Every structure is written in C-alpha cells, then in structure tokens.
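Student: predicted coordinates and the sequence they were generated for:
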Amino acid sequence: MSDNVGIVIVSHSADVARGTADMVRQMVGDEVPLAWCGGDPGGGLGTNVESILKAIDSAWSERGVAILVDLGGAETNSEMAIEMQPAERQGRIVVCNAPIVEGAVMAATEASGGATLDQVKRTAEELSPG
Amino acid sequence: MSNEAAGQVLLTHAVGLHARPSVKLTKLAKTFHSSIRLAANPEGPWIDAKSIVKVMGAKLPQGSRLHFHAEGADAPEAVAALIGLVNRDFDEAPADAANG
C-alpha cells in the first residue's frame, strides 16, 4: 500500500488517457499509484462507470485518490463512481477541476512528495486560470 | 531553529527550467524539511521551490542564474542538493534535454 495519494485519469479517448499516464510515469516516476481508463469497449470514444470503478480500485491508496477528467461524461461518470464507493472510502476520492494532462502531472508531482489529498487537488487546480 | 542557507548556480540545461527539470527540482526540494525559495534575481520575486505550479510557471530560460534560499534544520543540505541537481543538468541525457 502506497503512502502517496493515487491518481486516476479518465478520458473519452483511450489514447489520451494512456498517453497522459505515460507522461506521469516518465516525468514524475513510479512512487504514485496510477490508473487510467478511457474509450468504449468497441474501440470508440466514451467513458463508463464500470471502468472508472476499476481504475479507482487499481490506484487506491489509504491517503485517497485524485481523479483527472476531460469533458462532460468523464466528470459525471466519475462522480457516479465516487458515489458508489463503500462508506470507508467516502470523502477520500475527489475530481480535480484542472486540465487533464497538465493537471495529472502537477497532481502526481505533488502526490509524490507525500502531500495530502487536499494539497494534491489544490496543486492541480492552481494551474487553472483564476 | 533558524538555520539558513543560500546559494546560486547557472542554469545550463538546454531548454531551461521546463517540464521535466521542474518536476525533478520540485520533487528533490520536497524531500527536505526546510522551506526553500528560488529566484532568478536576488531581488526577487522569490517562489516556493516545492510548488510545481510556481516553478514550472516561472519559465526560467537557459542562462538564468538560480538563487536558492533555505530555512530550517536541513537548509545547507537542501541548497547543496538542489545546486548539485542543476549542475548535473538534472541527470538527463543530452538527447532528452534537447526534447524538453
């Protein structure tokens, strides 16, 4: 179990999600639990709650999980996935209001130093134009 | 505990303090307990060397002189380690550095 906050990347495109995860791994490293999901099973664009739930399980950390999303359904499906979590995980998963690629790198950099979930979220969101 | 340390180093990295070098510098800074500030000019503005958003946002170019100022129990070690990282060109191979 990692001592660092985990990062989940949710995009409509599997390529975008995978590429964003690659950037996090190469730029930040392996010390942050990381999972991604994107696209529909047929190879098209889309997001679904089931794959987000799996990604959260895969990146789960007792310190919490920060989710980076792209557009519309990625956010609403992520929120639905958060609501479906068991009681002991409630309050420890958040969706960051930040651009997906830049936000994921910023959030992971912050998380790698052992920051709290709130600090990780604030770092990702600090990037957005105020 | 008011242990202070300061130092400076020339940024020779090909593309300056951009994405990957910023991440490395911030991660290293976070391993120290001291508060660490960074500036391209001794008169400031000083930024928090542990803030990835501020370090990357400063967009310091090649040829900048990085000034570090640390305050805390491990301040001298922090400044020495950060100067070492910059001097080693962020431990990147030259080909990587050229790609930013």
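Tutor: On my side now, so go ahead.

Student: burial count for residue 19?
Tutor: You didn't say which chain, so I picked chain A. Residue crowding around residue A:19 was assessed by other CB atoms under 10 Å in any protein chain shown; the count is 16. Any C-beta I mention is one placed from the backbone N, CA and C, and that applies to glycine too.

Student: actually, chain B is the one I wanted.
Tutor: When neighbours are counted by other CB under 10 Å, residue B:19 comes out with 15.

Student: which stretches of chain B form strands?
Tutor: Using DSSP state E, the strands of chain B run over residues B:4-10, B:35-39, B:47-48, B:65-71.

Student: the shortest one pairs with which strands, and in what direction?
Tutor: Right, strand B:47-48. Here strand B:47-48 has these sheet partners by DSSP bridges: strand B:35-39 (antiparallel).

Student: got the residues of chain A near chain B?
Tutor: Contact residues, chain A versus chain B (CB under 8 Å from any CB of the partner chain): A:27-29, A:105-106, A:109-110, A:112-114, A:123, A:126-127.

Student: how about chain B: which residue is closest to chain A?
Tutor: Closest approach between chain B and chain A, counting by CB to the nearest CB: residue B:30, at 3.3 Å.

Student: relative to residue B:43, how far out is that residue?
Tutor: Note on residue B:30: its distance to residue B:43, by CB to CB, to the nearest Å, is 26 Å.

Student: name the nearest residue to the residue of chain A found nearest chain B, sequence neighbours excluded.
Tutor: Nearest residue of chain A to chain B (CB to the nearest CB) works out as residue A:113 at 3.3 Å. Spatially, and ignoring its direct neighbours in sequence, residue A:113 is nearest to residue B:30 (3.3 Å; CB to CB, 6 or more residues apart in numbering or on different chains).

Student: what's the neighbour count on the one you found?
Tutor: With other CB under 10 Å as criterion, residue B:30 counts 19.

Student: that one: what's it in contact with?
Tutor: A:112, A:113, A:114, B:50 (CB atoms under 8 Å, 6 or more residues apart in numbering or on different chains).

Student: kindly write the ChimeraX command that selects the buried subset of these.
Tutor: Under the burial definition 16 or more other CB atoms under 10 Å in any protein chain shown, those of these that qualify are selected in ChimeraX by:
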select /A:112,113 /B:50
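
Student: make CSV from the contacts of residue B:30 and add secondary structure, distance to residue B:24 and pLDDT to it.
Tutor: Output for the contacts of residue B:30, formatted as CSV (DSSP: H, G, I helix; E, B strand; the rest coil; distance: CB to CB, whole Å; pLDDT from 0 to 100):
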residue, secondary structure, distance to residue B:24, pLDDT
A:112, helix, 11, 96
A:113, coil, 12, 93
A:114, coil, 17, 95
B:50, coil, 13, 97
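
Student: out of the contacts of residue B:30, which comes closest to residue A:63?
Tutor: Distance to residue A:63, by CB to CB, is smallest for residue A:114 among the contacts of residue B:30, at 8.2 Å.
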